[in-house]
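Chemist: pasting the sequence and the predicted model now:
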Amino acid sequence: MVEPRWKRIVFKPSGEALAGPTGSGLDAATLEATALEIAAVRARGTDVIIVVGGGNFWRGRTGAMSGMDATQSDHIGMLGTVMNALALQDALERVGQDTRVQSAIEMPRIAEPYIRRRAMRHLEKGRVVIFAAGTGNPFFTTDTAAALRAAEMDADALLKGTHSGVDGVYSADPRLDPTATKYDEISYIDVMTKDLKVMDATAIAFCRDNQIPIVVFDMSAPGALHAILSGDKVGTMVRDA
């Protein structure tokens, strides 16, 4: 078996990706397939940290309730990420992978509070750690939370799993523009200057400052995580040119 290219990763699945074809709620088959792949990656010796999104439950800034107070809306979104974290924890433990959920908003009855040293200890024991509730602050996306946790936890890379068949970074939205071209590799600065909607600009800048490579890929493709860790060209790599 090929030695994994990274020893510790942050995996950032979008909330919609966990919902399966509908994009809303949770899909049991998607959760199981995701859990099996994560457990297999962990079995190869790579530490896995997960930062979950919540868009499958709440899109208050852009949806029917777009007039809601932004702070209130973001707090509701954070609770959506907690639901996803608990569902993913259950799926992982069903396939035999020991897992811990840590939440940036304290809710001790269902999750540990975020404590970096405790999370590090979980990784040392072979557990998968899932971080929920973003950074715990409004106005920061879960993309930014993923970049922050990657730096805090000394991760080697951030892997962002997309949905709806988008398998990387394109010059435009390939679902709307048939002439859009895919990048196999692109620099942080080009992502920002071209205003490519990969992750929010704060997350991109944070990864650039901390030299954390980003891989954007379609997480619905079977074996994608394995292939990325084996060094195969999957999705789009974002790093310094």
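Modeler: Right, received. Where do you want to start?
Chemist: the strands in the protein, which residues?
Modeler: Taking DSSP state E, the strands of the chain run over residues 8-13, 47-51, 99-103, 112-113, 128-132, 157-162, 169-170, 182-183, 185-186, 214-218, 236-238.
Chemist: now, of those strands, which is deepest in the fold?
Modeler: When neighbours are counted by mean count of other CB atoms under 10 Å, the highest per-stretch mean among those falls to strand 128-132, a mean of 28. Backbone N, C-alpha and C define where each C-beta goes, glycine included.
Chemist: now the angle between strand 8-13 and that one, please.
Modeler: In terms of direction (axes from the mean of the first three to the mean of the last three CA atoms, to 10 degrees), strand 128-132 departs from strand 8-13 by 50 degrees.
Chemist: show me what strand 128-132 is packed up against.
Modeler: Applying 3 or more CB pairs under 8 Å, 6 or more residues apart in numbering; DSSP states H and E, we find strand 128-132 packed against helix 28-43, strand 47-51, helix 70-94, strand 99-103, helix 116-124.
Chemist: direction included, what does that strand pair against?
Modeler: strand 47-51 (parallel), strand 99-103 (parallel) (DSSP bridges).
Chemist: looking at these, which is closest to Arg149?
Modeler: strand 47-51 (5.6 Å; CB to CB).
Chemist: Ala151 - how many residues pack around it?
Modeler: Other residues lying near Ala151 total 17 when counted by other CB atoms under 10 Å.
Chemist: list the contacts of the least confident helix or strand in the chain by mean pLDDT.
Modeler: Here the helix or strand of the chain ranked lowest by mean pLDDT, DSSP states H and E is helix 15-18, holding a mean of 89. Identification of contacts with helix 15-18 by CB atoms under 8 Å, 6 or more residues apart in numbering yields 23-24, 26-27, 30-31, 34, 52-57, 80-81, 84, 87-88, 161-164, 219-220.
Chemist: ok so, going back, mean pLDDT added to the helices and strands packed on strand 128-132, as JSON lines?
Modeler: Shown next, in JSON lines, are the helices and strands packed on strand 128-132 (pLDDT from 0 to 100):
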{"stretch": "helix 28-43", "mean pLDDT": "96"}
{"stretch": "strand 47-51", "mean pLDDT": "98"}
{"stretch": "helix 70-94", "mean pLDDT": "95"}
{"stretch": "strand 99-103", "mean pLDDT": "98"}
{"stretch": "helix 116-124", "mean pLDDT": "98"}
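Chemist: tell me which of those lies nearest to Pro4.
Modeler: Nearest to Pro4 among these is helix 28-43; the distance by CB to CB comes to 7.7 Å.
Chemist: can you lay out the strands of the chain as a markdown table showing distance to Ala227?
Modeler: Shown next, in a markdown table, are those (distance: least, CB to CB, whole Å):
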| stretch | distance to Ala227 |
| --- | --- |
| strand 8-13 | 13 |
| strand 47-51 | 15 |
| strand 99-103 | 23 |
| strand 112-113 | 32 |
| strand 128-132 | 19 |
| strand 157-162 | 11 |
| strand 169-170 | 17 |
| strand 182-183 | 16 |
| strand 185-186 | 16 |
| strand 214-218 | 9 |
| strand 236-238 | 13 |
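Chemist: closest to Leu196 out of these?
Modeler: For the strands of the chain, distance to Leu196 was read as CB to CB. The smallest value, 5.8 Å, belongs to strand 169-170.
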